[in-house]
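K.L.:
Give me a 3D structure for the following:
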Amino acid sequence: MNIFGSGKSSGEEVKKKLLLLKPAIDEISKLSCDVGVPEPQGGHPFKDFQAQLQDGLHLVKKLERLSSFNLYRRYRYGKQILKIEKNVNDFLLTQGVANLIVDVHKLNLDFKNCSELSERVEEMGRHIIESVNAKFTSDASFNSFMLQQMSTIQLFQSSIDGLHDTAMDKQSTSICNSQIPGIPGFVVGLNNPINDVKQIIFQDEVNIIGVEGMGGSGKTTLALALCNDLQIKDSFQNNVVFITVSQSPNVKGLLEIMWDKLIGAGRPDFQSIEDAHNQLQNNLSLKGNRKTLVVLDDVWSRSKAEQLLFDAKGYKTVITTRHDYSIPRTNSSHVYHIPMLQKADALSLFCFWAFGQPSIPETEDEYLVKQVEAVCMGLPLSLKVIGSSLRNEPQPVWENAKKKLSRAEPISQYHKEELLDCLESSIYVLDDEAKECFLDLGAFPKGRKFNVDSLLDIWVHVRGMEWQDAFIVLLELASRNLLNLTSDPGILAGISFGCGCELSFSQHDVMRDLALRLARQDNAIHGKRLFMPHKELNGIPRHLLTLKDQKSTAQFLSIHTGPMEEQDWCQIYFPEVEALALFFSAAEYRLPTFLHTMPKLKVLIIYNYNTKRAILNGLAGFSSVTHLKSVLLQKLIVPPLYESCRSWECLEKLSVCLCEGLGNMNLFDNAQALKFPKFVEMNFDHCSDLEELPRNICSLTSLERLSVTNCHVIQKLPDDLGMLRSLRLLRLSACPSLSMLPPSICRLQQLEFLDISLCMSLKDLPMEFGQLSKLKMLDMNECSGLKMLPKALANLRCLKRVICDEDTEQQWLAIKASSMPNLIVDVVEERFNLDWLDD
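P.N.:
Down below sits the predicted model:
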């Protein structure tokens, strides 16, 4: 089944249906208005459906313009097309009046192909997730590059092969003579990148060289330096051409420029882009065999790049772009990811623009200068713009700049317009849904890693996205360098089950400032987002005080503070808030007194990043919150929860990390009236005093994912754990005191993934372990106490993958040889680390 070729064909079918329906619906809507039919309460159904048809046609047009190599958006558009088809079908079934006007057989709305399309789209989503599952590392740059490569090379290899075959059929030569723009007056940190790219250029088999990096990372500077490099000029006999392409290029005009520079006089009057390309290719073939290098700078579109490419002996093209997928893929192409500047080079570049010399003058405050420079995080554009804005300014201005930068505020109009406006262009290529998701990133404080679930839960419960769709948007943003994704190496099993707790995200400070700036364009009272991302020295943020006793229509509220007491808060009304994120650094923290004004609250994030856990007060304010779906608690001393969460009957997910106070979890067993009928996920990570799970957890029959990880004192699990009949994922990693698994675990008939890695005290597995009929993956790495495996393991017919260490490798290989020939046995090295302490 071709899971990648269904998008446009299904779009064409939907377009036919919509265009056939639209005239009839338009006529009905017009007649209703002409005869004065009163509009029913809640709106006229035909007007609403008329708007849906228009939205559907707009979506199909976007799909038609979408490159077939944009995997992530093809998947998401496919899902939206399915919704459109369903809405059309539902409308006709419920309203029926269209049957009086239109021949239903003409509409072909039997939707026999809808289930097949749905299956293909869902398979595409699963394939994306499976493809990235084992590839994430702790290197964000590598992960971003991997996601970009995955979107183009790995999943579209057949298309790429066809493109390569076409390109290899062409034979031509070229000659040119042109002037190259000069490089900036001061350049640092380019020696290694220039040498790296030159080595690629000089490879005979490489004809297309892609230089990829985020906005402001120095791609153009590198390209200009290459054009002016003496070795490059000598090798190409000064036949070097530099062309700026930009986001919305006039391709025909660029081809005319290329003719002037590559061919010379006598440029014909091109009738079209195709005509210009063909004539250029033909004339290049007549110019003899002379080496030529063409640099296409700032390319945003693969299709535009292909219109500017030519094939000839000795002809090479360098493409600079923010997006790897803009680079055409053939066997003769190579991509280079430009790195950020090293610290010494970054300081030199900053000093050049701030002081006119590559070092800190003796008259300046060295510590202050380094503090401001460090905020730029090695991004050349930030170093240049911020350094320039502080040139010739006195020390008080520097001090103020440091404070403003640390609080994510622009330090001058120059900084705001020249830097953020430049980077803002990176967002224009996103569709509306992805843009909304990017803006949500401004809610999270800079300089820290966050579990991706904290973001995905907002997109799911507030933005109305499905989890898989939200995760693919996350991948798309990461592939565009708009956020960083990191993970410990290894299989991320959770993402196949709708759980991202093994993956972290962060942002470069400049990109976060951009998200903040765009989010702030909403009015403080009438906007969807209300973010206060910087911490005041004392008490409530000043901006929040301006809303005292007012009503806000914000949907997503984020507040960053220090220690808070009850009297520090003011009364504000938030009847529309659906997501609340509270970030603070404190030893004690009182929750906002306005919690009772949030009847629609669905997602709650309480995140303490102090070195010590904070005492949390004010949970009683949640007694009136009845729609809460997701709660994330980080580095807290949690008071007894069972009294406060009686009203959380809609709760679907609870995540608790680096918390204490969970020794009182057994108090849940006394709360017989406590029920969570929709609970699907529970996570406990690094909870130092969690000794056991409450017995009542076994009554959560809707629970699908349970993770108890890095909880060093937990010794046993509830005896009735097998009652969790919906459980699909069970993670018990790094629980060194856990000495046994309850026999009832073998009754988990839906369990597909079990992780008992780093459970050194486990001595054996239950004898009935073979009854886990749906178990697909088992991670038992570094279970040093497990010496002998039960024979019943041979009955795990669905088992596809085992992760183990050398102690049990031979036993698994014997099982594989005797009864599971397709079993994958992975033997991994020791992976325990303390990297989480740095987060």
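
K.L.:
Around K763, how many other residues sit close by?
P.N.:
K763 is flanked by 12 other residues according to other Cβ atoms under 10 Å. All C-beta spots, glycine's among them, are computed from the backbone N, C-alpha and C.

K.L.:
OK, contacts around it?
P.N.:
Shown in contact with K763 (Cβ atoms under 8 Å, 6 or more residues apart in numbering): 739-740, 785-786.

K.L.:
let's see it at 6 Å
P.N.:
G785 (Cβ atoms under 6 Å, 6 or more residues apart in numbering).

K.L.:
how about it, secondary structure?
P.N.:
Taking DSSP: H, G, I helix; E, B strand; the rest coil as the rule, one finds K763 in the coil state.

K.L.:
avg pLDDT for stretch 771-779?
P.N.:
Per-residue pLDDT over stretch 771-779 has a mean of 94.

K.L.:
try stretch 451-461
P.N.:
Averaging pLDDT along stretch 451-461 yields 94.

K.L.:
Run through who's touching it.
P.N.:
Identification of contacts with stretch 451-461 by Cβ under 6 Å, 6+ apart yields 437, 440, 465, 467, 470, 500-501, 503, 505, 579, 602-603, 605, 629-630, 632.

K.L.:
Also stretch 768-780?
P.N.:
Against stretch 768-780 from outside (Cβ under 6 Å, 6+ apart): 493, 746, 751-757, 790, 792, 795-796, 798-804.

K.L.:
Can you tell me which of those residues are buried?
P.N.:
Among the contacts of stretch 768-780, those buried by neighbour count (16 or more other Cβ atoms under 10 Å) are 493, 746, 751-757, 792, 796, 799, 801-804.

K.L.:
Now for those: which two are most distant?
P.N.:
Based on Cβ to Cβ, the longest span within those runs between A493 and A792 and measures 22.4 Å.

K.L.:
related to what we said a few turns ago, now for the contacts of stretch 451-461: which two are most distant?
P.N.:
Longest distance between any two of the contacts of stretch 451-461 is 21.8 Å, between L503 and K602; criterion Cβ to Cβ.

K.L.:
What are the neighbouring residues in contact with C687?
P.N.:
Contact analysis of C687 by Cβ under 6 Å, 6+ apart lists 659, 662, 711.

K.L.:
Going by neighbour count, which of these are buried?
P.N.:
659, 662, 711.

K.L.:
average pLDDT for the strand or helix carrying K402?
P.N.:
Using DSSP states H and E, K402 sits within helix 395-406. In this model, helix 395-406 carries a mean pLDDT of 78.

K.L.:
Stretch 528-544 too?
P.N.:
Across stretch 528-544, pLDDT averages out at 77.

K.L.:
which residues touch it?
P.N.:
By Cβ under 6 Å, 6+ apart, the residues outside stretch 528-544 that reach it are 407-408, 442-443, 519, 522, 554-562, 568.

K.L.:
which among these gets closest to M598?
P.N.:
Using Cβ to Cβ, the contacts of stretch 528-544 come closest to M598 at L557, 8.4 Å.

K.L.:
What ranges does the stretch 401-550 of the chain have for its strands?
P.N.:
Remark: strands assigned in the stretch 401-550 of the chain by DSSP state E, counting those that start in this stretch are 450-451, 484-486, 504-506, 529-532.

K.L.:
Between these, which one is closest to L222.
P.N.:
strand 484-486 (21.5 Å).

K.L.:
That closest one pairs with which strands, and in what direction?
P.N.:
strand 504-506 (antiparallel) (DSSP bridges).

K.L.:
For the strand it pairs with, report the contacting residues that lie outside it.
P.N.:
Contacts to strand 504-506, defined as Cβ under 6 Å, 6+ apart, come from residues 449-450, 452, 483-486.

K.L.:
now what about the helix holding K402, what contacts it?
P.N.:
Contacts to helix 395-406, defined as Cβ under 6 Å, 6+ apart, come from residues 368, 371-372, 375, 390, 411.

K.L.:
Next, work out how far apart I209 and F202 are.
P.N.:
According to Cβ to Cβ, to the nearest Å, I209 stands 10 Å off from F202.

K.L.:
Of the two, give the one with the bigger neighbour count.
P.N.:
Using other Cβ under 10 Å as the criterion, I209 and F202 rank with I209 on top: 24 against 12.

K.L.:
okay, that one: pLDDT?
P.N.:
Looking at I209, its pLDDT stands at 90.

K.L.:
Show me what the host helix or strand of it is packed up against.
P.N.:
Applying DSSP H and E as the criterion places I209 in strand 208-212. On a contact count with 3 or more Cβ pairs under 6 Å, 6 or more residues apart in numbering; DSSP states H and E, strand 208-212 meets strand 315-321, strand 333-337.

K.L.:
what angle separates that strand from strand 315-321?
P.N.:
Here the directions of strand 208-212 and strand 315-321 differ by 20 degrees (axes from the mean of the first three to the mean of the last three Cα atoms, to 10 degrees).

K.L.:
Put the alpha carbons of strand 208-212 into PDB.
P.N.:
The C-alpha coordinates for strand 208-212 follow below in PDB (Å, rounded to 0.1, in the frame of the first residue of the first chain):
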ATOM      1  CA  ILE A 208      24.600  19.900  -5.400                       C
ATOM      2  CA  ILE A 209      25.800  21.100  -2.000                       C
ATOM      3  CA  GLY A 210      23.100  22.100   0.500                       C
ATOM      4  CA  VAL A 211      24.100  24.400   3.400                       C
ATOM      5  CA  GLU A 212      21.300  24.200   6.000                       C
END
